[in-house]
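> Build me a model:
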Amino acid sequence: MSNLNGSLQEIINNANNVPHFSQHGKGFQEKIFQGLITDTQWAAQMVEVMRPNFFDVEYLQFLSEKYFSYHNKYKCFPTLGLLVNVIKDELADGADDILKDQIIEFLLRVKANRNPGDIAYVKDKTLDFCKRQAFKAALEKSVDLIQGENFEEVVSLMKSAVSLGIPHSTGHDFFEDLESRFIRINRMACPTGFKRLDAKDIFSGGLGRGEIGVITANTGVGKSHWLVALGANAMRAGKNVLHYTFELSETAVGIRYDSNLCHIASNDVQDHKDLVKETYQNKDLGRLIIKEYPTGSATITMLRNHIEKLSLKGFKPGLILVDYADIMRSSRAYDSLRHELKLVYEELRNLSMELEIPVWTASQANRDSANSDIVGLENMAEAYGKAMVADVVVSISRKAAEKSTGVGRLYIAKNRAGRDGILFPISIDTATSTFSILDENSLTLNEAVEQTAGEAKAALMKAWNEVKNGDEEMK
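This next block holds a predicted model:
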């Protein structure tokens, strides 16, 4: 028994070496509180384990005490605006001016940068620390219980300590929570700008927050033009757009946007400077940032850092375009390229979910798709795992003979929000990076195959009749 008590006491002593968050510094502690006020689900998870005295910064102790006191009284957390009003009342009379200035300055920084890139890491470290402190407190109580040989209470205490900090939701109770399934939730999405695709039965408004969409096609078919078209349509809808390019220069991409938004062929844009300026003066468009990285050099970490810098300057994108993820560098090296590509797509999707911003990217189709009428998931080059990660996969196909006519086919290969396996005839104008759906009556894959087979049969019959008629004329 004495050996057991000695082991427990040693654990407690080790835990006591880290009584608060001071080891991580003031900046880390500020992000902890920012995580609490921007993510109420995480804050609810922290109620059982977080203590204001874990902070060693006075204004954070004050803020967290008021924040959790409000929750204890009203069973919900105050918004940032309401918290400011609560604090104003508390600091109205006889307050420490230094404390008041520190709080005001901190809350202004939080308001200016609501989504710091490393907040997920901060949350994980904070939860781990708080759970350790809760477990330490349980161990201290256990020492006395063990000495009194109250072993059953020790087991119960340890079970309770282990469960602290675990999310409270046990899932959706199908019958008890029936009403919640009939509450309409507005889907926060960025429209593609194509009425038929944004319809309720397909994308239901566009690509949603935290979702990743992939356009796949063979070389030279129009993947980059598709991304520009999506970006321009998002700007028309008032969305801020962040466009990453790893092959074309920032200027070249900018000219493509000029040609799309001003309806001027890209080769003629530089000859119509005044018209371009006049067009933008008369249009209410979202902002556009184009950022270039050398091929094969960009990582998700680099994109995250860039987005955080933009947020400090007041720019928050409503849509991110990555041209394209296949030529990014993964954070981990593998012997097989397909594993690296899958990791890049997983990291990109995690970034989209973390920032709650939709992301469109492009993927190269394999060589077998060059002469295919339809490009499917099986044609995504190198890594089928890319398709598994994506929420939406759209393919564009057009054979070499069709490029001069601008005709092609757009196929919804995968769609978590609605219908997939459907095909639309489209026209592509690469001079202005514009796309048009020619017939909004979609075809299923089977219907498209049957139609293609019928067209081929008709062509053969026509050729046979021409040969037959020629033979008869020769007689």
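> contacting residues for Thr361?
Residues in contact with Thr361 (CB atoms under 8 Å, 6 or more residues apart in numbering) are Ile212, Gly213, Val214, Ile215, Leu227, Leu321, Val322, Asp323, Tyr324, Ala325, Leu348. Bear in mind the C-beta positions are built from the backbone N, C-alpha and C, glycine included.
> that's a strand at it, yeah?
Yes. Judged by DSSP: H, G, I helix; E, B strand; the rest coil, Thr361 forms part of a strand.
> returning to what we had before: ranking the contacts of Thr361 by neighbours, who comes first?
Val214 (29 neighbours; other CB atoms under 10 Å).
> That residue contacts Ala390, correct?
Yes. Here Val214 reaches Ala390: they are 4.5 Å apart, a contact under CB atoms under 8 Å.
> okay, now the domains of the chain?
Per automatic domain parsing, the structural domains of the chain span 2-163, 189-441.
> Please work out the average pLDDT along the shortest one.
Going back to what we said before, that points to domain 2-163. Computed over domain 2-163, the mean pLDDT rounds to 75.
> ok now that domain, how far from the chain's centre?
Distance, stretch centre to chain centre, for domain 2-163: 29 Å (CA atoms, centre = their mean, to the nearest Å).
> can you check stretch 283-297 too?
For stretch 283-297, the distance to the chain centre is 17 Å (CA atoms, centre = their mean).
> Now distance to Leu127 and pLDDT too, for the contacts of Thr361, in TSV please.
TSV is the format used below for the contacts of Thr361 (distance: CB to CB, whole Å; pLDDT from 0 to 100):
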residue	distance to Leu127	pLDDT
Ile212	27	95
Gly213	32	95
Val214	33	94
Ile215	38	95
Leu227	38	97
Leu321	34	97
Val322	31	97
Asp323	37	93
Tyr324	36	85
Ala325	31	91
Leu348	25	92
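> Narrow these to those in strands?
Ile212, Gly213, Val214, Ile215, Leu321, Val322, Asp323 (DSSP state E).
> and Lys223, what does it touch?
Residues near Lys223 by CB under 8 Å, 6+ apart: Ile215, Thr216, Ala217, Asp323, Tyr324, Ala362, Ser363, Gln364, Ile396.
> repeat that for 7 Å
For Lys223, the contact set (CB atoms under 7 Å, 6 or more residues apart in numbering) comprises Ile215, Ala217, Tyr324, Ala362.
> Now it: closest residue in space, sequence neighbours ignored.
Distances taken as CB to CB, 6 or more residues apart in numbering place Ala362 nearest to Lys223, at 3.9 Å, with adjacent residues excluded.
> That neighbour: neighbour count?
Using other CB under 10 Å, Ala362 is surrounded by 23 other residues.
> For it, which residues are in contact?
Counting by CB under 7 Å, 6+ apart, Ala362 touches Val214, Ile215, Lys223, Ser224, Leu227, Asp323, Tyr324.
> make it 10 Å
Going by CB atoms under 10 Å, 6 or more residues apart in numbering, Ala362 touches 213-217, 222-224, 226-227, 321-327, 396.
> what's the spacing between Gln45 and Thr126?
Separation of Gln45 from Thr126 (CB to CB, to the nearest Å): 10 Å.
> Compare the two (neighbour count), which wins?
In terms of neighbours (other CB under 10 Å), Thr126 is the more surrounded of Gln45 and Thr126; the figures are 24 against 20.
> and the closest residue to the more buried one other than its chain neighbours, which of the three is it?
The shortest distance from Thr126 to any non-neighbouring residue, by CB to CB, 6+ apart, is to Ile32 (5.0 Å). Look at Ile32: counting by three-state DSSP, its state is helix.
> And for Ile32, the neighbour number?
Around Ile32 there are 24 residues (other CB under 10 Å).
> Roughly how far does it sit from Gln41?
15 Å.
> Likewise for Ser397?
43 Å.
> swap in Gly286?
Taking CB to CB, one finds Gly286 at 29 Å from Gln41.
> more crowded one of these two?
Neighbour tally, Gly286 and Gln41, criterion other CB under 10 Å: the higher count belongs to Gly286, 17 against 11.
> ok, back up a step: in CSV: the contacts of Thr361, plus distance to Leu80.
Listed next are the contacts of Thr361 as CSV, based on distance: CB to CB, whole Å:
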residue, distance to Leu80
Ile212, 29
Gly213, 31
Val214, 36
Ile215, 38
Leu227, 35
Leu321, 30
Val322, 31
Asp323, 36
Tyr324, 37
Ala325, 34
Leu348, 29
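> and the most centrally placed residue in the chain, what does it touch?
Residue closest to the mean C-alpha point of the chain, counted by CA atoms, centre = their mean, is Ser352 at 1.3 Å. Remark: with contacts taken as CB under 10 Å, 6+ apart, Ser352 is in contact with 207-213, 320, 322, 358-361, 391.
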